[in-house]
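S.K.: Any chance you could fold what I've pasted below:
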Amino acid sequence: MSIYTTIVNQKKKKTVRQKYMIMGLAFLIPAIVTYFIFMGYPLWRTFYMSGMEWNGFGDMTFAGMDNFKKILLDSTFWDALKNTLYFAVFSSVFSVITGLLLAWLNMYMRRMEGQVFRTIMFAPTMIAPTITGLLFVFIFTEDIGLLNNILRSIGLSELAAAWLISMPTAKIIVVIATVWRQFGLTMVLCYAGLQGISNELLEAAKLDGASHLKIFTRILVPMIKPQIEIAALFTLLGGLKIYDSVVALTGGGPARQTVVLPMWIVENAFTYSKFGYASAMSIVFIAVVLVFIILLRFMFRGGGDA
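M.R.: Numbering: from 1, shown residues only. From the prediction side, this is the model:
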């Protein structure tokens with residue numbers, strides 16, 4: 001009798017698991033269909049068009065690898081790629097460092113003060129990149145910019161400059177604008193990780209004579225490494241796909257020194273009607289993004305194993 005009951009119970013459990021599996025698949029189907037319509041098909045279409053010549057009208061002409069060969073000789077493409085990597089790496093590094101330090105500072109605030117602080121610091125993340133660019137135009141523009149007016153009002157007119165059309169400062173301002181928009185997300189992620197660390201562990205470290213800096217570097221940072229990795233990934237991807245804020249801030253100038261790859265791809269597609277060539281550049285860009293994601297994963301995995 002007990003054996004029979006066991007067999008019946010196992011069959012019931014198996015039936016329940018199958019029902020839950022079917023229900024799970026039923027809930028997943030709309031998401032999967034939506035993904036393939038809005039992600040899978042456009043990606044396949046981009047791969048297909050990368051081997052074609054097409055100006056947006058008429059039939060496509062097979063071009064083979066010609067579009068990819070053109071990339072090798074396109075100096076603007078390589079300049080745009082260098083600028084994109086520059087903005088992505090520096091904005092990601094400074095966003096993570098700034099967000100991590102602010103999350104650490106937030107640990108020492110009272111509850112109400114901390115909530116207000118986090119809300120204010122996170123607010124720039126919710127602002128559209130174009131609006132962020134326009135805000136920084138208002139700050140750094142030459143004639144009516146807030147920064148130059150402040151410098152003139154305190155007697156430092158000689159320091160006023162054309163920040164957005166000067167080659168040494170244009171890239172730095174783009175990085176600053178990107179960091180300002182991204183560090184709030186890093187702060188929230190790191191603060192959530194810090195909240196999960198036991199107070200007893202921190203108190204024990206203090207009793208052993210560890211300073212606040214040692215507690216931060218030896219205990220807190222290693223224990224929230226997963227949150228730091230997620231923050232680094234999000235900020236890196238945000239820097240790689242930068243477009244709106246650069247268009248609003250510099251328009252790719254001065255002398256195309258701040259043009260980024262998404263901007264060059266859009267320009268070739270919708271200004272020069274080179275849809276095949278733009279698709280080929282998109283494929284190369286996707287490969288670059290995947291390489292950086294893999295490198296980031298290996299970097300954090302190596303640090304965790306150490």
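
S.K.: Surely Trp54 is in contact with Gly276?
M.R.: Yes: in this structure Trp54 lies within contact range of Gly276 using Cβ atoms under 8 Å: 5.2 Å. To be clear about C-beta, it is placed using only N, CA and C from the backbone, and glycine gets the same treatment.

S.K.: Show me whatever sits in contact with both of the two.
M.R.: Jointly contacting Trp54 and Gly276 under the rule Cβ atoms under 8 Å, 6 or more residues apart in numbering are Met60.

S.K.: between the two, who's got more neighbours?
M.R.: For Trp54 versus Gly276, the count of surrounding residues by other Cβ atoms under 10 Å is larger for Gly276: 25 against 18.

S.K.: show me where the stretch 151-300 of the chain has helices.
M.R.: Along the stretch 151-300 of the chain, counting by DSSP state H, counting those that start in this stretch, helices occupy 167-195, 199-207, 212-215, 221-223, 225-240, 244-249, 261-270, 275-305.

S.K.: Serialize these to TSV and add fields for distance to Ile37 and mean pLDDT.
M.R.: Listed next are those as TSV, based on distance: least, Cβ to Cβ, whole Å; pLDDT from 0 to 100:
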stretch	distance to Ile37	mean pLDDT
helix 167-195	28	92
helix 199-207	48	86
helix 212-215	50	88
helix 221-223	41	91
helix 225-240	22	92
helix 244-249	25	90
helix 261-270	21	94
helix 275-305	19	85
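
S.K.: Point out the most buried one among these.
M.R.: helix 244-249 (a mean of 22; mean count of other Cβ atoms under 10 Å).

S.K.: list the contacts for the residue nearest in space to the middle of the chain?
M.R.: In the chain, the residue lying closest to the centroid (Cα atoms, centre = their mean) is Gly238, at 2.2 Å. By Cβ under 8 Å, 6+ apart, the contact set of Gly238 is 88, 91-92, 178, 181-182.

S.K.: so which of the residues you listed would you say is closest to Leu73?
M.R.: Ala88 (24.3 Å; Cβ to Cβ).

S.K.: For burial, what's the neighbour tally of the closest one?
M.R.: 24.

S.K.: cool, and the one 10 residues further on?
M.R.: Counted with other Cβ under 10 Å, the burial measure for Thr98 works out to 18 neighbours.

S.K.: swap in the one 5 residues further on?
M.R.: Ala103 is flanked by 27 other residues according to other Cβ under 10 Å.

S.K.: now do Lys241
M.R.: Neighbours of Lys241 (other Cβ under 10 Å): 16.

S.K.: So it is in contact with Leu261, correct?
M.R.: No: assessed by Cβ under 8 Å, Lys241 is found out of contact with Leu261, at 9.1 Å.

S.K.: Relative to Tyr277, how far out is Lys69?
M.R.: The gap separating Lys69 from Tyr277 is 10 Å, by Cβ to Cβ, to the nearest Å.

S.K.: cool, Val116 as well?
M.R.: Look at Val116 and Tyr277: by Cβ to Cβ, they are 50 Å apart.

S.K.: got it, and Leu28?
M.R.: Distance, Leu28 to Tyr277, using Cβ to Cβ: 37 Å.

S.K.: Same check on Phe117?
M.R.: 48 Å.

S.K.: circling back: of all the helices of the stretch 151-300 of the chain, which one is nearest Phe38?
M.R.: helix 275-305 (15.8 Å).
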